[in-house]
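> give the three-dimensional model of this entry:
(3 chains)
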Amino acid sequence: MPELPEVETIRRQLAPKVEGRTLRELRILDPRWTQPLAPQAVTEALEGRRVEALERRGKYLIWRAEDDVHLLIHLRMTGTLLWEPSDADAAHERVRFDLDGARLSFCDPRRFGTGELAVGGPALAAFLDARLGVEPLQGELTGAYLRAQARGRTAPVKAFLLDQRRIAGVGNIYADEALFRAGIHPLRPVGTLTRAQCDALADAVVAALTAGIDAGGATIDDFRHVDGVYGGFQHDFLVHRREGEPCDTCGTEIVKFVAAGRGTYVCETCQPRPRRRRRQAASVRS
DNA sequence: CGCCCTGTTGGGGA
DNA sequence: ATCCCCAACAGGGC
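Residues are numbered from 1 along each chain as shown, chains lettered A, B, ... in the order given. Have a look, this model is predicted:
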C-alpha cells in the first residue's frame, strides 16, 4: 500500500492524535523490525518521551520526540499504522505503541517494514541525506534539476525516477503515472530526454503525487485485503494498471512488461517506444 | 493440495 | 553505473 501519498495521508491523520502524547511503552513484537539495532536500544531511547511532531521525508515517517530523539518508520510494501485497531485488523501486529493509554499498532503481514533510531539532529540528517534526494512536494523537483541529474545517464527513465537518492518518494505506481502523464516511455534512456520533456516530467511527478494525496485513500482505521492487494486503496485517478484495458486517452490497449525490475504499464500510443538502443550516446534532438 | 508467479520497497552484492 | 536477487507472506492461476 504505502506510496508517498499514502504515507502522507497516514501522517496527516495520525499527527493530531499523537502529537503531545507521551510514549509510555513501545513493545516491539518482531525483533527484525529494528535490525541491525537491538530492539531494547530503540525502546529505551524512546519510552517515556513526549512526541513533539510527526513528520515525513520521502516515504519515511519521522517521529520527533523530546531531546531530539527520532524514530523513523518505513512501511515498505505492506506496513501500516492502525489507531486502536480491531483484533482482526491487528492480525499482523509487529509493534505496539502505548500513547498515554491509546494503542497504536504497526501491522505488517510481510514484515519488510523497518524502524530506525536517530538520536540528535546530525544523526537524523545523515541518515536521510544518505538515502533521499529532493522532496517533490517542497518545490525542489524542477525540470532544471531533473535535466542536470539525467545528463549523460543511460538508465531507463523509470529506474531513474525510482532512485530515492535523486528524487525522494516516487514509487512504482506513481512512476508509471508520471511517465504516462508526460507522454514518456519508461525505457527511454533518461539522458536523451529533451528539455521540454524534463520540464513535463518534473511537473507530472508533482501533479501525480499531489493528486494521490488529494484522493486521500489511506486510512489508519481500516486495513483489509482487497483484490489481492494489502490495504485496498483505490487509485481510481491513475492510468489503468491492467493489461489489455483501453487507455483513457486514446483507447489503445495497455501493455505490461518488466522495467527496472518492476511491473510496468504503458500506453504505447501516448508513450512512444524509444528508438532502438544505441551503443553511442544519442544526440538530443526534439 | 501443491507449485509457481506476482507484489504500492529498499539494500547488498555481482 | 547497472542489474539481479533477496527479505517474508498471501492470493491467484494452473
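> what about stretch A:249-261, distance to the chain center?
21 Å (C-alpha atoms, centre = their mean, to the nearest Å).
> okay, now that stretch: how far is its last residue from its first?
End-to-end distance for stretch A:249-261, by C-alpha to C-alpha, to the nearest Å: 27 Å.
> can you check stretch A:44-51 too?
Length of stretch A:44-51, first residue to last, C-alpha to C-alpha: 15 Å.
> need the pLDDT of the residue nearest to residue A:24 when sequence neighbours are not counted.
Spatial nearest neighbour of residue A:24, chain neighbours left out: residue A:98 (4.4 Å); criterion: C-beta to C-beta, 6 or more residues apart in numbering. Any C-beta I mention is one placed from the backbone N, CA and C, and that applies to glycine too. Note on residue A:98: pLDDT of 98.
> where does residue A:98 fall, phi/psi-wise?
Backbone torsions of residue A:98, given as degrees, to the nearest 10, read phi -110, psi 110.
> end to end, how far does stretch A:95-111 reach?
First-to-last distance for stretch A:95-111 - C-alpha to C-alpha - comes to 11 Å.
> any part of that stretch near DNA strand C?
Yes - against DNA strand C, stretch A:95-111 shows contacts by C-beta under 7 Å from any atom of the strand at A:109-111.
> before we move on, the earlier item: show me what contacts the residue nearest to residue A:24?
Residues near residue A:98 by C-beta atoms under 8 Å, 6 or more residues apart in numbering: A:23-27.
> which among these gets closest to DNA strand C?
For the contacts of residue A:98, the residue nearest DNA strand C by C-beta to the nearest atom of the strand is residue A:27; the value is 18.1 Å.
> so that closest one: helix, strand or coil?
strand (DSSP: H, G, I helix; E, B strand; the rest coil).
> check contacts around it.
With contacts defined as C-beta under 8 Å, 6+ apart, residue A:27 is in contact with A:43, A:95-98.
> how about a cut-off of 6 Å?
Residues in contact with residue A:27, defined by C-beta atoms under 6 Å, 6 or more residues apart in numbering, are residue A:96.
> and the pLDDT for it?
Residue A:27 is given a pLDDT of 98.
> try residue A:218
52.
> which residues in the stretch 101-250 of chain A form strands?
A:102-107, A:114-119, A:225-226, A:229-230 (DSSP state E, counting those that start in this stretch).
> show the average pLDDT along the third one.
I take that to be strand A:225-226. pLDDT averaged over strand A:225-226 gives 47.
> how about the first one?
Averaging pLDDT along strand A:102-107 yields 96.
> who's in contact with that strand?
Residues contacting strand A:102-107 (C-beta under 6 Å, 6+ apart): A:80-85, A:90, A:92-97.
> is it anywhere near DNA strand B?
No - using C-beta under 7 Å from any atom of the strand, strand A:102-107 stays clear of DNA strand B, coming no nearer than 14.6 Å.
> DNA strand B: which of the contacts of strand A:102-107 is nearest?
Distances from DNA strand B to these, taken by C-beta to the nearest atom of the strand, are shortest for residue A:80, at 10.3 Å.
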